[in-house]
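Participant: with the sequence up front, the predicted model follows.
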Amino acid sequence: MRKQIAAANWKMNLTLDAGEKLMTEIMSSSFALSENQCAVFAVPFPYLINIKKHSDKENNFFIAAQNCGAEKSGAYTGEVSAEMLNSIDIPYVLIGHSERREYYGETKDILSKKLDLALENNLKPIFCCGEPLQIREAETQNNYIETQLQQSLFHLDATEIKDFVIAYEPIWAIGTGRTASTAQAQDMHAHIRKLIAEKYGKEVAESISILYGGSVKAANAAEIFSQPDVDGGLVGGASLVAEEFTTIIKSLKK
Ligand code: PGA
């Protein structure tokens, strides 16, 4: 069975003290995660080493970076490379979050370079895709997502893509309190899996976890995660509240 994943995305929130307190609270909850379940915490760069000490205490809990540089190394002030992340044992990295695409001009070519560097440095990418509201209203979201995958992902081969996590995050649902319906989430996840199957074969498509993101919270997680092609969630706002995120982890399919 595919990995079921609850991924927290702290974005640019919390001080280190507040982040450590949140982790202490979350980790004190008794989890009995199955082999197929895991929790991932995408935290700001300066907290990675400290927060990793918390997640290392429990099996199947992992840390992630929220981004990595598009160049290998060199004179790129303020950037953090995939190699640096690997050197501090960070297993996952978010790539292509809509906020990075929108506010930091991350283009398809930049994202494809980041994916290559992540893979070269043994990081598992959590690749984000998702359509804006006007695309959803025009009902052209399937083509839009297909283009996003083709442009940044489909140059990779089957062995590279096997370790991927994909997060489908409709932009109109991020931080808005408006969630995609379970049918909308399932339809898009099935569409993404079909596109991967067409390109890489059914076995690869069946092995890739596809997470839903966009206003996931304790109250709706179990329903969304119950859909057959939804393998967990990427969670922003609700991941900052211990009780909320703990319930979300516990809502993963076994
Ligand atoms: P949200 O954010 O849960 O606050 O909508 C999700 C995300 O951007 O990953």
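Facilitator: Arrived safely, thanks for sending. Numbers count the residues shown, from 1 in each chain.

Participant: so does the helix or strand that contains residue 41 get close to the ligand?
Facilitator: Using DSSP states H and E, residue 41 falls within strand 37-43. No - figure legend: strand 37-43 not in contact with the ligand (Cβ under 6 Å from any ligand atom); closest approach 8.4 Å. Every C-beta, even on glycine, is put in place using the N, C-alpha and C of the backbone.

Participant: direction included, what does that strand pair up with?
Facilitator: Using DSSP bridges, the strands paired with strand 37-43 in its sheet are strand 4-9 (parallel), strand 61-65 (parallel).

Participant: winner for burial among the ones you listed?
Facilitator: strand 4-9 (a mean of 26; mean count of other Cβ atoms under 10 Å).

Participant: can I get it as PDB, trimmed to CA atoms?
Facilitator: The C-alpha trace of strand 4-9 is given here as PDB (Å, rounded to 0.1, in the frame of the first residue of the first chain):
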ATOM      1  CA  GLN A   4      -0.200   7.800   3.800                       C
ATOM      2  CA  ILE A   5       1.300  11.100   4.800                       C
ATOM      3  CA  ALA A   6       0.300  14.000   7.000                       C
ATOM      4  CA  ALA A   7       2.700  16.900   6.100                       C
ATOM      5  CA  ALA A   8       2.800  20.100   8.100                       C
ATOM      6  CA  ASN A   9       3.800  23.200   6.300                       C
END
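
Participant: okay, now residue 204: neighbour count?
Facilitator: For residue 204, the tally of surrounding residues (other Cβ atoms under 10 Å) stands at 18.

Participant: hmm, who's touching the strand holding residue 41?
Facilitator: With contact meaning Cβ atoms under 8 Å, 6 or more residues apart in numbering, strand 37-43 is reached by 3-10, 19, 23, 31, 33, 51, 55, 60-66, 92, 94, 126, 239, 249, 252-254.

Participant: if we can go back for a sec, out of the strands paired with strand 37-43, which comes closest to residue 222?
Facilitator: strand 4-9 (11.5 Å; Cβ to Cβ).

Participant: residue 7 reaches residue 234, doesn't it?
Facilitator: Yes - using Cβ atoms under 8 Å as the test, residue 7 is close enough to residue 234 to be in contact (4.7 Å).

Participant: who touches both of the two?
Facilitator: Residues touching both residue 7 and residue 234 (Cβ under 8 Å, 6+ apart): 126, 167, 211.

Participant: my read is that the second one contacts residue 211, right?
Facilitator: It stands for residue 167. Yes - applying Cβ under 8 Å, one finds residue 167 in contact with residue 211, separated by 4.4 Å.

Participant: which neighbours do those two share?
Facilitator: Contacts common to residue 167 and residue 211, judged by Cβ under 8 Å, 6+ apart, are 7, 126, 234.

Participant: got phi/psi on the residue of the stretch 101-250 of the chain found nearest the ligand?
Facilitator: As assessed by Cβ to the nearest ligand atom, the ligand sits closest to residue 236 within the stretch 101-250 of the chain, at 2.4 Å. Note on residue 236: its backbone torsions stand at phi -90, psi -100 [degrees, to the nearest 10].

Participant: tally of neighbours for it?
Facilitator: There are 22 residues near residue 236, going by other Cβ under 10 Å.

Participant: likewise for the one 4 residues further on?
Facilitator: Per other Cβ under 10 Å, the neighbour tally for residue 240 reads 18.
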